[in-house]
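K.L.:
Here's my sequence, what's the structure:
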Amino acid sequence: METVDAVVIGAGPNGLVAASALADAGWDVLVLEAQDEVGGAVRSGSLWPESPETTSDLFSAFYPLAAASPVIRRLGLEQHGLTWVQAPNVIAHVGGPEEETCAVIHRDPAATAAALDQDHPGDGETWLKLHEQWKRVREPLLEALFTPFPPVRSGGKLLWRAGTRDTLELARIAAAPVIRLTQEWFGGEHGKLLVSGNAMHADVPMEAPGSGLFGWLLVMLAQDVGFPVPQGGSGMLSQAMAHRARSAGARIDTGENVVDVVVRGGRATGVRTASGREVSARRAVLADVDAPRLFNDLVGTEHLPARLRQDLNRFEWDLPTVKVNWLVEGGIPWKAEAARRAGTVHYGTDLSGLSRWSSDLASNREPDEVFALLGQMTTADPSRSPAGTESVWAYTHLPRHRHDTPHAAQVAEAMEETLDRLAPGFRSQVRHRTVQHPADLEAADGNLRHGAINGGTAQLHQQLVFRPATGLGRPETVVDGLYLASAATHPGGGVHGACGWIAARSALAAEGRMGKPVQAVRKAAMRKIYGSS
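P.N.:
Numbering: from 1, shown residues only. As a prediction, the model looks like this:
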């Protein structure tokens, strides 16, 4: 039997970040990935044999969180083959009252403000004030977001650097629904659309607490670092992460599906794979795996306290996703000219329609309108497709109970019809088309249950100490030596690497000088929360 210091299950971004952190500390690390290539939901490839020179992002595509994340920055991925590129315009929202115009976030804050002022005088000044506030709080806020919960040290730094007023304002933004914040901030439709559309990157309804934070954070990141993409495809980000982990000494084996975490005496001692391979872990097992599958399938409910089993039964996934990929001759002929220069486009409906769409999905109703997130990848990265074409994808969400392929196919058709209305002639310019239904997404990455892309709902009832179940908001689990390192734990979804980083730092701390007394305190706290197994 092989023996290593740590086994990392899954070579998604969090797993690869964890492997780098452990290997940097001198641990012997083995990463086991079920798929034949690394990356999880950060992969790219050629979808059409007739156009092998076209690169399509198979899952995620734009990475503002990765560009801003202090965790990712520490890795120095630019030294391992990563190059970021950007589109001329960051984001456009098409589908407001006038389809010939659109809301736009430009690379330059002054240009964004000027465009907002054209929509409604005074909105540009509001935008610049929000951007100035962001610059004051940026560094301590990002540190607080991407550190273990509770963020005592980084929270104190935020209060010291930002001051009481800005800190309280941030707390209010975090608690407020996006629909309320945009009403307070902007008089025109464009400002409201930009913030609300970005809030819908998560599955928090517009009227729900927390949606304001997602909208504000993403538009401020868009104005700060943009929505960058890896040159050559999203898979280049994963390849750089893998190269970084290997350069630190970690080994990565693909095509190895872990089916069992071995637990002896209440401690994770290793793993078994579907091929019969057994690997012993001297120090830790870190799992970049969704929470229900880790605890129910890989660990087994017999090793879990009854209260944790009950909590996992109420685990809520985020919304299913259907994604369409196109190769478009000549690019998308948007009525709104500014959208042609944007890397990311939100399209389909105005503000009231967006609110209805969000409410329908939250109520498990089928929306009458389409709201979709679209990527014009060649606009951002000319290497993605042949000259004179555009590599494009778009996705939208489905009600939780309607993730079946026939329904997803109908929604994909509606996405295309809506796009053809906003860009007349689009359909006639499509050279190739591929639909990824929820079942396709899950088959390609087991963490994407029914096409859910966030590792579980981002709503407040399943964040912080409630993620993935009521507990400590940390990667330690009820099984000694087993750490949850996926988006199912704090701080949640997005390619920022923090879930893997925090898990690795926790595993290292457990082996340190104060490891045993700290672990004893945490175990006692877990027993109070969950009871005994």
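
K.L.:
isn't Arg107 right up against Val90?
P.N.:
Yes: contact criterion CB atoms under 8 Å: Arg107 and Val90 qualify, at 6.3 Å. C-beta here means a position set from N, CA and C on the backbone, and glycine is covered the same way.

K.L.:
In terms of packing, which of the two has more residues around it?
P.N.:
Neighbour totals were compared for Arg107 and Val90, and Val90 leads with 28 against 14 (other CB atoms under 10 Å).

K.L.:
show me where pLDDT drops low in the protein?
P.N.:
Counting by pLDDT under 70, the ranges of the chain that qualify are 96-98, 533.

K.L.:
can I see the domain layout of it?
P.N.:
2-34+255-315+454-530, 125-225 (automatic domain parsing).

K.L.:
Pull up the overlap in contacts between Arg107 and Val90.
P.N.:
Gly226 (CB atoms under 8 Å, 6 or more residues apart in numbering).

K.L.:
Put together CSV for the domains of the chain, with distance to Leu75 and mean neighbour count on each row.
P.N.:
Formatted as CSV, these follow (distance: least, CB to CB, whole Å; neighbours: other CB atoms under 10 Å):
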stretch, distance to Leu75, mean neighbour count
domain 2-34+255-315+454-530, 6, 21
domain 125-225, 13, 20
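
K.L.:
Could I get the buried residue list for stretch 357-365?
P.N.:
By 16 or more other CB atoms under 10 Å, the buried positions in stretch 357-365 come out as 357-358, 360-362.

K.L.:
swap in stretch 378-389?
P.N.:
Judged by neighbour count (16+ other CB under 10 Å), stretch 378-389 contains these buried residues: 378-381, 384-385, 389.

K.L.:
wait, which of the residues you listed is closest to Arg307?
P.N.:
Ala380 (47.0 Å; CB to CB).

K.L.:
Next one: the closest residue to Pro151 other than its chain neighbours from Leu158, what distance?
P.N.:
Among residues not flanking Pro151 along the chain, Ala144 sits closest, at 4.2 Å (CB to CB, 6 or more residues apart in numbering). Taking CB to CB, to the nearest Å as the measure, Ala144 falls 5 Å from Leu158.

K.L.:
go on, Pro386?
P.N.:
47 Å.

K.L.:
Same question for Asp404.
P.N.:
Distance of Asp404 to Leu158, given as CB to CB: 45 Å.

K.L.:
next one: Ser234
P.N.:
31 Å.

K.L.:
all strands in the stretch 51-200 of the chain, in order from the N-terminus.
P.N.:
Taking DSSP state E, counting those that start in this stretch as the test, the strands found in the stretch 51-200 of the chain are 56-57, 84-85, 89-94, 103-106.

K.L.:
wait, I meant the stretch 351-500 of the chain
P.N.:
Under the criterion DSSP E, counting those that start in this stretch, strands of the stretch 351-500 of the chain are mapped to 372-376, 389-397, 430-436, 482-484.

K.L.:
Could you dump those strands into CSV and include distance to Gly188?
P.N.:
Formatted as CSV, the strands of the stretch 351-500 of the chain follow (distance: least, CB to CB, whole Å):
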stretch, distance to Gly188
strand 372-376, 22
strand 389-397, 25
strand 430-436, 34
strand 482-484, 43
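
K.L.:
Ok, which of the ones you listed comes nearest Glu184?
P.N.:
strand 372-376 (25.0 Å).

K.L.:
quick one, that closest one and strand 89-94 angle?
P.N.:
140 degrees (axes from the mean of the first three to the mean of the last three CA atoms, to 10 degrees).

K.L.:
Out of the strands of the stretch 351-500 of the chain, which gets nearest to Val71?
P.N.:
Here strand 482-484 is closest among the strands of the stretch 351-500 of the chain (CB to CB), at 15.7 Å.

K.L.:
What are the contacting residues of that closest one?
P.N.:
Among residues not part of strand 482-484, those counted as contacts by CB under 8 Å, 6+ apart are 261, 263, 267-268, 284-287, 289, 291, 294, 299, 468, 475-477, 499, 503-504, 506-507.

K.L.:
got a list of what Ala281 touches?
P.N.:
Ala281 touches 3-7, 268-271, 481, counting by CB under 8 Å, 6+ apart.

K.L.:
hmm, 10 Å instead?
P.N.:
Contact analysis of Ala281 by CB atoms under 10 Å, 6 or more residues apart in numbering lists 2-8, 28-30, 261-262, 267-271, 481-482.

K.L.:
Over to Ala510?
P.N.:
Shown in contact with Ala510 (CB under 10 Å, 6+ apart): 283-284, 476, 480-481, 483, 516, 518-519, 522.

K.L.:
8 Å instead, please
P.N.:
With contacts taken as CB under 8 Å, 6+ apart, Ala510 has the following neighbours: 284, 476, 481, 518-519.

K.L.:
Tell me which of those residues fall in helices.
P.N.:
Among those, the members falling in helices (DSSP state H) are 518-519.

K.L.:
now the contacts of Ala510 as TSV including distance to Glu139?
P.N.:
Shown next, in TSV, are the contacts of Ala510 (distance: CB to CB, whole Å):
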residue	distance to Glu139
Ala284	30
Glu476	27
Gly481	34
Val518	27
Gln519	31
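
K.L.:
Closest to Thr126 out of the contacts of Ala510?
P.N.:
Among those, and counting by CB to CB, the member closest to Thr126 is Glu476, at 42.7 Å.

K.L.:
Looking at strand pairing, list the partners for the closest one.
P.N.:
Taking DSSP bridges as the rule, Glu476 bridges to Tyr483.

K.L.:
Help me confirm that it comes into contact with Ala520.
P.N.:
No: using CB under 8 Å, Glu476 is not in contact with Ala520, being 11.9 Å away.

K.L.:
For Leu286, grab phi and psi.
P.N.:
Backbone torsions for Leu286, taken as degrees, to the nearest 10, come to phi -110, psi 130.

K.L.:
residues touching it, list them.
P.N.:
6-9, 15, 18, 22, 475, 482-483, 485, 500, 503-504, 507.

K.L.:
State the number of residues packed around the closest residue to Met236 other than its chain neighbours.
P.N.:
Once flanking residues are discounted, Met236 sits nearest to Pro230: 4.1 Å by CB to CB, 6+ apart. A count of nearby residues for Pro230, using other CB under 10 Å, gives 27.

K.L.:
now Pro230: how far from Val38?
P.N.:
Using CB to CB, Pro230 is found at 14 Å from Val38.

K.L.:
Same check on Leu170?
P.N.:
Between Leu170 and Val38 the distance is 36 Å, computed by CB to CB.

K.L.:
How about Gly451?
P.N.:
Distance of Gly451 to Val38, given as CB to CB: 21 Å.

K.L.:
what's the span of stretch 174-187, first residue to last?
P.N.:
Using CA to CA, to the nearest Å, the end-to-end distance of stretch 174-187 comes to 21 Å.

K.L.:
And stretch 488-508, by the same measure?
P.N.:
Its first and final residues considered, stretch 488-508 spans 21 Å by CA to CA.

K.L.:
Ok, stretch 315-326 next?
P.N.:
34 Å.

K.L.:
Quote the end-to-end distance of stretch 464-479.
P.N.:
Terminal-residue distance, stretch 464-479 (CA to CA): 20 Å.

K.L.:
which of the buried residues of stretch 378-389 lies closest to Glu316?
P.N.:
Ala380 (33.1 Å).

K.L.:
That closest one contacts Val90, correct?
P.N.:
No: the pair Ala380 / Val90 is not scored as a contact, 9.7 Å apart, by CB under 8 Å.

K.L.:
Tell me the residues that contact both of these two, please.
P.N.:
Contacts common to Ala380 and Val90, judged by CB under 8 Å, 6+ apart, are Gly343.

K.L.:
Nice, that's everything, thank you.
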